[in-house]
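Undergrad: Using only what follows, build the 3D model:
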Amino acid sequence: MSITFTLDGQEVLVEEGKTLLEAARENGLDIPTICFHEATTSNALCRLCVVEVEGQRVLQPACIVKAGAGMKVQTRSEKVIRARRTILEMLASTMDLSDAPEILAMMDEYGASSERFPDAERRETPVIDDNPMYVRDYSKCLLCWRCVQVCADDAQYTFAINFNGRGFETQIGTFFDKAIPETTCVLCGQCVGVCPTGALKPKREFLLEQGMSPQEISVLNIGRKRRKN
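TA: Okay, here's the model as predicted:
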């Protein structure tokens with residue numbers, strides 16, 4: 001069954017049950033997202049995909065709100081653009097986005113300034129290097145939940161990582177802060193694959209960025225394998 005509603009002034013026809021995000025993309029309209037990923041469950045955490053729905057008091061997250069018959073939706077109204085710009089500026093003021101090119105491109109598109117909130121407290125944590133596959137740099141983590149979901153029942157069912165802490169101190173971590181090899185992690189790499197900011201980074205890529213040569217990395221890996229055996 002299909003429904004008709006108005007999207008940026010144009011009447012569109014979509015299948016019932018589609019989200020506003022899906023409907024927009026099917027009709028060639030781009031709505032920016034961060035926490036959304038095709039392989040994980042949408043939870044509307046980042047709020048970057050908000051749109052304006054006539055009759056609704058607040059902006060609606062397009063990744064979870066279903067398209068309804070007769071809706072009138074604006075994806076780039078002044079209110080929407082201002083909200084997205086503010087979200088991006090808040091992210092830039094509290095975390096390291098240097099390994100998030102897609103988000104940096106969004107900042108350029110929306111005219112977001114990284115200096116908007118100069119007094120904001122930044123997330124600064126040491127890099128955790130405790131396993132042979134990837135490193136964890138939570139100063140670059142925006143808590144999008146992708147890695148937690150893909151590690152849990154959206155894909156891998158290992159439940160090795162989850163949220164730790166509360167409020168500003170919240171971060172992704174392991175139970176009781178155990179090292180990755182001491183958890184249920186199977187080093188599948190799916191969490192690294194869905195991370196949008198480089199907070200989870202392949203070990204080889206990290207070492208190359210630190211100035212190690214491919215030859216040095218190979219020698220290091222051989223040494224690890226010998227110690228393991």
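Undergrad: Show me which parts of the helix ranked longest in the chain are buried, residue by residue.
TA: As assigned by DSSP state H, the longest helix anywhere in the chain is helix 78-94. By neighbour count on 16 or more other C-beta atoms under 10 Å, the buried set for helix 78-94 is 80, 83, 84, 85, 87, 88, 89, 91, 92, 93, 94. Every residue, glycine included, has its C-beta placed from N, CA and C.
Undergrad: Contacts for the helix or strand just after that helix next, please.
TA: Sequence-wise, the next helix or strand downstream of helix 78-94 (DSSP states H and E) is helix 101-110. Outside of helix 101-110, the residues within contact range by C-beta atoms under 8 Å, 6 or more residues apart in numbering are 32, 34, 48, 81, 84-85, 88-89, 91-92, 97, 112, 114, 196-197.
Undergrad: same thing but at 7 Å, please
TA: Residues outside helix 101-110 that contact it (C-beta atoms under 7 Å, 6 or more residues apart in numbering): 32, 34, 81, 84, 85, 88, 92, 97, 196.
Undergrad: ditto for stretch 61-76
TA: By C-beta under 7 Å, 6+ apart, stretch 61-76 touches 3-8, 14, 17-21, 23-24, 29, 31, 33, 36, 42, 44, 47, 49-54, 80.
Undergrad: residue contacts, the closest residue to residue 194 other than its chain neighbours?
TA: Distances taken as C-beta to C-beta, 6 or more residues apart in numbering place residue 146 nearest to residue 194, at 4.1 Å, with adjacent residues excluded. Neighbouring residues of residue 146 by C-beta under 7 Å, 6+ apart: 35, 37, 40, 194, 195, 196.
Undergrad: Turn those into TSV, including distance to residue 174 and neighbour count.
TA: As requested, these are exported to TSV (distance: C-beta to C-beta, whole Å; neighbours: other C-beta atoms under 10 Å):
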residue	distance to residue 174	neighbour count
35	21	22
37	21	20
40	19	20
194	17	22
195	16	24
196	21	24
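Undergrad: Appreciated, that's everything.
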